[in-house]
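[1] Turn this into a model:
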Amino acid sequence: MQFLRSARSRPSLLLLVWLLCARLASAQILDEVEVAREGPVNAVVTIRFGVPVHFLRSAGNTRKDLVQVFFTLAGSEGDGGKTFEEFRKPPASDLVPRFSVTYPLITGASTRRLDIQFETPVKAQVRPGRDNRSIQIVLPALTPAPVVAPKAVVKAEPRQAAPVPGELPPSKPAPPSAIVTQAPEEPSAPAPSAAPDTEQKAAGLLTQARTALEGNDNLRAIDFLNELLNLPPTTASREAQELIGVARERQGDAGKARAEYDLFLKLYPAGVDTNRVKQRLAALAGTGPAVSATQELVKPAAAKLKAPTKLVWGSLSQYYYGGKSDTQSQITTFTPATNATTIDTLSLTASDQSSLVTNVDLNGRYTANDWDDRVVVRDTQTTSFIKSQPNRNRLVALYAEAKNLNTQFMGRVGRQSATSGGVLGRFDGAQVGYGIGQRTRLNAVAGRPVDLSADAKPTFYGVSVDADNIADRWSGTFYAIQQRLEGLTDRSGVGAEVRYFDSQRTMFTLVDYDLSFKAINVGMLQGTWQLPSGTALNLLGDYRRSPSLQLSNALLTGTNLTLRELLDTFGTSDVRTQAQQITPISKVMYLGVTQPITPKWLLGADVRVSSLTGTPEIGLLPAAPSTGNVYTYSLQLIGNSLLKQNDVLVLNGSHLTGELNKASSIGLTDRVPFGEKWVFEPSLKYYRQKDNQDVKLTRTTPGFKLSYRLASRVYLEAEATWEKSQTTSATVDDETTRRFYFVGYRWDF
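    Numbering: from 1, shown residues only. This next block holds a predicted model:
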């Protein structure tokens with residue numbers, strides 16, 4: 001194991017950071033933005049990320065045109081010191097006003113932010129998504145779902161489940177049977193209904209039940225229908241009573257299906273649907289012909305072909321980023337032999353950033369019948385005007401995707417971001433999935449990671465199983481994945497994701513175990529709980545290897561040997577030990593609470609305990625000390641519409657204490673719209689730090705951002721910040737002033 005210790009030189013700290021972070025450089029944060037209907041009156045915007053995220057809170061739920069979401073990047077998958085903004089613009093939808101999603105450039109802070117800008121004010125609720133790579137925004141839909149026409153009017157007590165023949169009756173007497181007041185042979189005319197809010201809720205539950213049945217999710221449909229039928233009688237009750245029998249029949253529970261159909265006939269003795277239910281009962285008893293339990297009710301228009309639709313959308317942006325710094329250094333030297341003190345002064349001025357960044361986001365979509373096909377291209381070209389900084393082109397995404405809604409088939413090929421199944425980051429390759437039965441989906445994936453250093457070119461392949469409705473509102477994914485490099489096993493992982501999701505609570509757990517290292521790679525639990533009072537609780541526990549545990553991590557020690565040469569010369573056991581030793585363990589425990597104070601003010605408080613284990617001196621890598629436990633206490637105060645309609649004021653304060661240093665920071669940002677075209681965003685940050693070597697650092701950063709809408713889809717933006725920092729110790733006094741700015745345009749099409 002001494003082979004890596006025989007290196008002949010030491011790298012600079014900059015080289016060390018580059019080696020350890022090569023896999024994370026310029027990681028893509030924003031991935032997809034999707035809009036869908038949720039219930040009869042709501043729409044949900046799902047923002048998907050290219051890395052795991054931890055949702056913290058949003059800037060209130062008052063009616064405004066800007067929704068700000070605050071989150072952190074989970075684990076080791078950061079943004080790689082990103083120096084430019086990310087932007088997504090979904091196509092126009094009849095469900096929500098036009099909107100855009102921006103991931104702004106925020107430096108020197110662990111909390112990240114999304115700006116979701118709508119063309120008109122909305123009242124939105126923000127929540128975590130169904131996995132650890134998405135955040136959802138729920139808002140009223142512009143076009144509510146059509147309400148199903150009433151078929152009959154009944155007066156009944158709240159429903160209990162229909163008794164199953166042969167089972168004991170409930171211990172408490174059942175409520176009186178429903179009394180049919182109208183049961184026409186051809187029920188079609190509108191009739192008196194329940195209270196408007198009850199009717200609206202029933203219509204929403206019926207829509208959700210139909211959607212679940214269309215997706216062969218019978219258990220979820222039964223949940224929705226039971227909830228609907230326990231409401232006071234509504235115009236949806238009659239159809240719901242038939243549908244719950246259909247769902248029971250499709251689930252294979254003939255006894256409960258007969259009980260539901262029998263109850264339907266007691267409640268509604270006449271009508272076209274009554275004859276249909278009688279036919280189904282006869283088919284279940286074996287005395288009549290088989291009757292489809294899905295075609296007539298769930299997909300009444302399946303025989304009609306949908307007209308094909310074509311859509312192209314995206315954005316083009318160009319921004320010039322500039323930065324210049326002036327440094328004044330005073331170095332004090334004391335010579336004991338002569339008892340003399342010497343002060344040297346050094347001045348340095350440099351342009352540390354000068355580049356033009358061009359972003360292209362192009363999306364095409366074609367739908368016909370049950371097929372939904374897409375093509376996505378995202379590319380970033382950075383043209384540098386500094387000789388020491390080369391030009392760079394980064395192809396973020398380039399893939400084609402095909403989905404069949406009937407068979408639940410999905411196939412995607414090209415450069416893409418992983419979402420599950422143990423795949424780490426972006427990759428070039430293919431994935432395919434197919435629905436098996438009503439609650440199971442099989443997936444396969446293969447490809448080559450692209451967010452790695454140039455010398456490492458591993459390939460991987462894996463399989464996974466998605467299980468929906470394991471229990472009520474529970475789902476999960478189970479996977480196995482192999483990664484190989486130079487014909488050798490680089491990573492051999494198995495893992496599971498378990499998810500719980502309802503309107504008030506969410507939970508996501510992930511365990512990734514490496515079979516070759518016999519060690520846990522990732523163990524994570526995160527959850528949220530929205531209390532009726534408006535208080536929101538947020539929890540995170542995260543244990544992970546950073547970066548991911550792989551045999552190829554041994555290459556980060558700076559030797560010129562390939563992985564196979566290392567194994568052939570020194571043995572698999574020694575190389576695996578070295579790879580594990582230089583892969584530190586990150587631990588994070590987080591607890592946060594968000595409390596509305598008034599309709600305009602929201603207060604958030606967080607406590608975070610984190611640590612990173614040390615690594616020994618190996619090869620060209622010097623030893624890195626453990627951080628010990630680092631305690632961070634944060635407060636965030638958010639104000640909405642204080643001076644002007646739709647303005648947002650955010651005040652941040654935090655204090656950090658650990659074995660290596662102590663730090664405090666405060667910050668203020670404000671967003672003030674002027675008219676319909678101008679938005680002004682001033683900001684001010686102050687940071688102070690003192691380490692265990694008595695080195696002190698202070699930093700003050702004022703700045704502003706200005707946006708102007710030149711045309712309906714063309715925006716001009718500019719931002720400027722001034723950063724003044726001072727570092728003092730017993731021998732050094734440095735003062736640096738840095739000016740940073742960008743200016744450019746964005747065109748949405």
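
[2] Spell out, range by range, the helices that occur in the chain.
    Counting by DSSP state H, one finds helices in the chain at the ranges 13-21, 196-214, 218-229, 237-250, 254-267, 272-285, 563-570, 572-581.

[3] looking at these, which one has the lowest mean pLDDT?
    In terms of average pLDDT, helix 13-21 trails the rest of the helices of the chain, at a mean of 32.

[4] JSON lines for the helices of the chain, including mean neighbour count and distance to Ser610?
    All C-beta spots, glycine's among them, are computed from the backbone N, C-alpha and C. Listed next are the helices of the chain as JSON lines, based on neighbours: other C-beta atoms under 10 Å; distance: least, C-beta to C-beta, whole Å:
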{"stretch": "helix 13-21", "mean neighbour count": "14", "distance to Ser610": "17"}
{"stretch": "helix 196-214", "mean neighbour count": "20", "distance to Ser610": "40"}
{"stretch": "helix 218-229", "mean neighbour count": "22", "distance to Ser610": "38"}
{"stretch": "helix 237-250", "mean neighbour count": "25", "distance to Ser610": "47"}
{"stretch": "helix 254-267", "mean neighbour count": "20", "distance to Ser610": "51"}
{"stretch": "helix 272-285", "mean neighbour count": "17", "distance to Ser610": "59"}
{"stretch": "helix 563-570", "mean neighbour count": "16", "distance to Ser610": "31"}
{"stretch": "helix 572-581", "mean neighbour count": "18", "distance to Ser610": "21"}
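
[5] Which one, of those helices, ends up nearest to Gly658?
    helix 13-21 (19.5 Å; C-beta to C-beta).

[6] domain ranges for the protein?
    1-23+405-628, 27-147, 168-179+190-285, 317-367+374-383+639-749 (automatic domain parsing).

[7] Tell me which of the helices of the chain sits nearest to Arg412.
    When the helices of the chain are ranked by proximity to Arg412 (C-beta to C-beta), helix 196-214 comes first, at 22.7 Å.

[8] Now do that closest one: which elements does it pack against?
    helix 218-229, helix 237-250 (3 or more C-beta pairs under 8 Å, 6 or more residues apart in numbering; DSSP states H and E).

[9] quick one: it to helix 237-250, angle?
    20 degrees (axes from the mean of the first three to the mean of the last three C-alpha atoms, to 10 degrees).

[10] how far is helix 196-214 from where the chain is centred?
    27 Å (C-alpha atoms, centre = their mean, to the nearest Å).

[11] Compute the inter-axis angle for that helix and helix 218-229.
    Using the same axes, to 10 degrees: helix 196-214 against helix 218-229 is 160 degrees.

[12] Just put the helices and strands packed on helix 196-214 in CSV and tack on distance to Phe501.
    Below are these laid out as CSV (distance: least, C-beta to C-beta, whole Å):
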stretch, distance to Phe501
helix 218-229, 12
helix 237-250, 21
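
[13] Among those helices, which comes closest to Thr380?
    helix 218-229 (40.4 Å).

[14] Quick check: bridge partners of the residue most central in space within the chain?
    Central residue of the chain (C-alpha atoms, centre = their mean): Ser134, 1.8 Å from the mean position. Beta-bridge pairing of Ser134 under DSSP bridges involves Arg48.

[15] you'd agree it is up against Val45?
    No: taking C-beta atoms under 8 Å as the definition, Ser134 is not a contact partner of Val45, at 10.3 Å.

[16] Of all the helices and strands packed on helix 196-214, which one comes closest to Arg473?
    Using C-beta to C-beta, the nearest of the helices and strands packed on helix 196-214 to Arg473 is helix 218-229, at 8.4 Å.

[17] Centre of the chain to the closest one, how far?
    28 Å.

[18] Just want the angle from that helix to helix 254-267.
    30 degrees.

[19] Check which helices and strands helix 218-229 sits against.
    Using 3+ C-beta pairs under 8 Å, 6+ apart: helix 218-229 touches helix 196-214, helix 237-250, strand 459-471.

[20] May I see those arranged in CSV, with distance to Gly411 as well?
    Output for the helices and strands packed on helix 218-229, formatted as CSV (distance: least, C-beta to C-beta, whole Å):
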stretch, distance to Gly411
helix 196-214, 21
helix 237-250, 27
strand 459-471, 15
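
[21] which residue packs closest to Val63, ignoring adjacent ones?
    Rather than Val, residue 63 is Arg. Once flanking residues are discounted, Arg63 sits nearest to Lys123: 4.5 Å by C-beta to C-beta, 6 or more residues apart in numbering.

[22] circling back: Asp472 is nearest to which of the helices of the chain?
    Going by C-beta to C-beta, the one of these nearest Asp472 is helix 218-229, 6.7 Å.

[23] which residues touch the closest one?
    159, 161, 202, 205-206, 208-210, 212-213, 234, 236-237, 240-241, 243-244, 247-248, 250-251, 438-439, 468-469, 472 (C-beta atoms under 8 Å, 6 or more residues apart in numbering).

[24] can you tell which of the helices of the chain is closest to Ala624?
    Closest among the helices of the chain, using C-beta to C-beta: helix 13-21, at 8.3 Å.

[25] so where's the stretch 301-450 of the chain shaky on pLDDT?
    Across the stretch 301-450 of the chain, the ranges flagged by pLDDT under 70 are 301-307, 330-350, 438.

[26] And the strands in it?
    For the stretch 301-450 of the chain, the strands defined by DSSP state E, counting those that start in this stretch occupy 309-335, 340-368, 371-384, 392-404, 409-417, 426-436, 440-449.

[27] Of all the helices and strands packed on helix 218-229, which one is nearest Asn692?
    Between the helices and strands packed on helix 218-229, strand 459-471 lies closest to Asn692; by C-beta to C-beta that is 41.5 Å.

[28] Give me the neighbour count for Pro521.
    One correction, residue 521 is Asn, not Pro. 23 (other C-beta atoms under 10 Å).

[29] Now it: closest residue in space, sequence neighbours ignored.
    Asn521 sits nearest to Asp512 (C-beta to C-beta, 6+ apart), 4.3 Å away.

[30] any low-confidence regions in the stretch 501-650 of the chain?
    558.

[31] okay if I get the domains of the chain as JSON lines plus distance to Thr309?
    Listed next are those as JSON lines, based on distance: least, C-beta to C-beta, whole Å:
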{"stretch": "domain 1-23+405-628", "distance to Thr309": "14"}
{"stretch": "domain 27-147", "distance to Thr309": "11"}
{"stretch": "domain 168-179+190-285", "distance to Thr309": "19"}
{"stretch": "domain 317-367+374-383+639-749", "distance to Thr309": "5"}
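
[32] one step back: do you know which of the helices and strands packed on helix 218-229 lies nearest Glu497?
    The closest of the helices and strands packed on helix 218-229 to Glu497 is strand 459-471. By C-beta to C-beta, the value is 9.1 Å.
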